[in-house]
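>>> need a structure here:
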Amino acid sequence: MPQLINLGKEHIRINTAKNTIEYSQNGGRSWVTRCNSTSYGSFIDLLPFGHEILACTSKGLYASQNDGRSFSPRCTNTSSYGDFLNLQENCNELLAQ
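From the prediction side, this is the model:
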């Protein structure tokens, strides 16, 4: 489960202790909080997909189009689909487990 992704000159990670999204522009020597909203649930997994960052959370699948500053719900019907724990890309397909 990737909790750290590379987006150009930035590294973006899940800080599981604080349940925040953080970024680094200096190779991981220091980190700055980018998103700390609890409305998404607990962050579990990140995946860059096209021009978005997809986040697997305890409340479903969310997407960010602004480098992880905020997220919009993509699929939050966990009663029908179950919990999403892992995201993978297979060519142009998105696989969620």
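
>>> Secondary structure element holding the residue nearest to residue 28 when sequence neighbours are not counted?
Leaving aside its sequence neighbours, residue 28 sits nearest to residue 11 (CB to CB, 6 or more residues apart in numbering; 5.5 Å). Using the backbone N, CA and C atoms, a C-beta is placed for each residue, glycine as well. Element membership for residue 11 (DSSP states H and E) is strand 10-15.

>>> tell me which strands and helices that strand is in contact with?
strand 4-7, strand 20-24, strand 43-49 (3 or more CB pairs under 8 Å, 6 or more residues apart in numbering; DSSP states H and E).

>>> rerun that using 10 Å as the cut-off
In this structure, strand 10-15 makes packing contacts with strand 4-7, strand 20-24, strand 32-35, strand 43-49, strand 52-57, judged by 3 or more CB pairs under 10 Å, 6 or more residues apart in numbering; DSSP states H and E.

>>> gap between the residue nearest to residue 28 and residue 31?
8 Å (CB to CB, to the nearest Å).

>>> Mutual contacts of those two, please.
22, 23, 24, 25 (CB atoms under 10 Å, 6 or more residues apart in numbering).
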